[in-house]
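Colleague: kindly return the folded structure for what I paste below:
(chains A and B)
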Amino acid sequence: DQQVKQNSPSLSVQEGRISILNCDYTNSMFDYFLWYKKYPAEGPTFLISISSIKDKNEDGRFTVFLNKSAKHLSLHIVPSQPGDSAVYFCAASEVDFGNEKLTFGTGTRLTIIP
Amino acid sequence: ETGVTQSPTHLIKTRGQQVTLRCSSQSGHNTVSWYQQALGQGPQFIFQYYREEENGRGNFPPRFSGLQFPNYSSELNVNALELDDSALYLCASSSTSGELQETQYFGPGTRLLVL
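Modeller: Below is the predicted model of the structure:
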């Protein structure tokens, strides 16, 4: 039972354009969401997060949007740069205080075309 | 500030053997979580250690066990290895203060191949 779904295994975007990565979840108990970026031979790197009490969080070129009613979140990267080429994982947790088990999606491979 | 480190980077074992993977948490972090990432999948939560005790466990059998040491470093032990245990094993450290846990930061992982 995949509680966090990333339905697009891959995405190609021209440099300078906007990249939009999508994520859906089924567990209504999730109330904290994160995006991680992963390069080959490295561990996932934390990118940005959002609490369920917000619908948007922005950090530089990265913005995460959360639609709780649709159980959907998205990561926008603008403008996209070649260094953004990586696998992006969406993750979610129930804030069971003191124990944040992360549930990950299967990832989306983003390729930025120069 | 030292990040999360894991050893070894790669390991080859045969079915039925036992393996120990090691993780040093980031400076200032007191909580360690372990994840298994199979090929083409996202990381799956194995268990978490806080104050040297298991603090939550995912859907993994008892032959997956762990330890946390007073310096907050951790070990993941897997007994009776099976072919399906071949995966990237990721360690993540975070800081838990009171009831709140902060963002988890991952190490580079140990790639285990079981033949």
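Colleague: spell out which parts of chain A neighbour chain B.
Modeller: Contact residues, chain A versus chain B (CB under 8 Å from any CB of the partner chain): A:4, A:6, A:34, A:36, A:41-46, A:49, A:89, A:91, A:96-107. The way it works is simple: take the backbone N, C-alpha and C, and place the C-beta from them, glycine included.
Colleague: out of the residues you listed, which end up buried?
Modeller: Buried subset of the residues of chain A next to chain B (neighbour count, 16 or more other CB atoms under 10 Å in any protein chain shown): A:4, A:6, A:34, A:36, A:43-44, A:49, A:89, A:91, A:98-107.
Colleague: show me those residues that map onto strands.
Modeller: Assignment to strands by DSSP state E places the following of these there: A:V4, A:L34, A:Y36, A:S49, A:F89, A:A91, A:T103, A:F104.
Colleague: and the residues you listed, which is closest to B:G107?
Modeller: Minimum separation from B:G107 among those (CB to CB) is found for A:Y36, which lies at 12.9 Å.
Colleague: pLDDT wise, what is the closest residue to that closest one other than its chain neighbours at?
Modeller: When the adjacent residues along the chain are set aside, A:Y36 lies closest to A:P44, with 3.7 Å between them (CB to CB, 6 or more residues apart in numbering or on different chains). In this prediction, A:P44 carries a pLDDT score of 94.
Colleague: so which helix or strand takes in A:F30?
Modeller: Using DSSP states H and E, no element contains A:F30; it sits outside every helix and strand.
Colleague: pretty sure it is touching A:E94, no?
Modeller: Yes - A contact is recorded between A:F30 and A:E94 when judged using CB atoms under 8 Å, the distance being 5.9 Å.
Colleague: more neighbours: which of these two?
Modeller: Regarding A:F30 and A:E94, a neighbour count based on other CB atoms under 10 Å in any protein chain shown identifies A:F30 as having more, with 20 against 15.
Colleague: measure the residue lying closest to B:T14 once chain neighbours are set aside to chain A for me?
Modeller: Spatial nearest neighbour of B:T14, excluding adjacent residues (CB to CB, 6+ apart): B:L115 at 5.3 Å. Going from B:L115 to chain A by CB to the nearest CB, to the nearest Å gives 21 Å.
Colleague: can you list the residues of chain B near chain A?
Modeller: Near chain A, when you scan chain B using CB under 8 Å from any CB, you find B:4, B:6, B:33, B:35, B:40-45, B:48, B:50, B:55-56, B:58, B:90, B:92, B:94, B:96, B:98-101, B:103-109.
Colleague: inside strands: which ones of those?
Modeller: Assignment to strands by DSSP E places the following of these there: B:6, B:33, B:35, B:44-45, B:48, B:50, B:55-56, B:90, B:92, B:94, B:96, B:100-101, B:105-106.
Colleague: residues contacting the residue lying closest to B:S86 once chain neighbours are set aside?
Modeller: Nearest in space to B:S86, with sequence neighbours left out and distances taken as CB to CB, 6+ apart, is B:V114 at 4.8 Å. For B:V114, the residues meeting the contact criterion (CB atoms under 8 Å, 6 or more residues apart in numbering or on different chains) are B:I12, B:K13, B:T14, B:R15, B:Q17, B:L81, B:E82, B:L83, B:D84, B:D85, B:S86.
Colleague: same thing with A:I113?
Modeller: Contact analysis of A:I113 by CB under 8 Å, 6+ apart lists A:S12, A:V13, A:Q14, A:E15.
Colleague: isn't the third one up against A:S80?
Modeller: What it means is A:Q14. Yes - using CB under 8 Å as the test, A:Q14 is close enough to A:S80 to be in contact (7.4 Å).
Colleague: any shared contact partners between these two?
Modeller: Shared contacts of A:Q14 and A:S80, defined by CB under 8 Å, 6+ apart, comprise A:I112.
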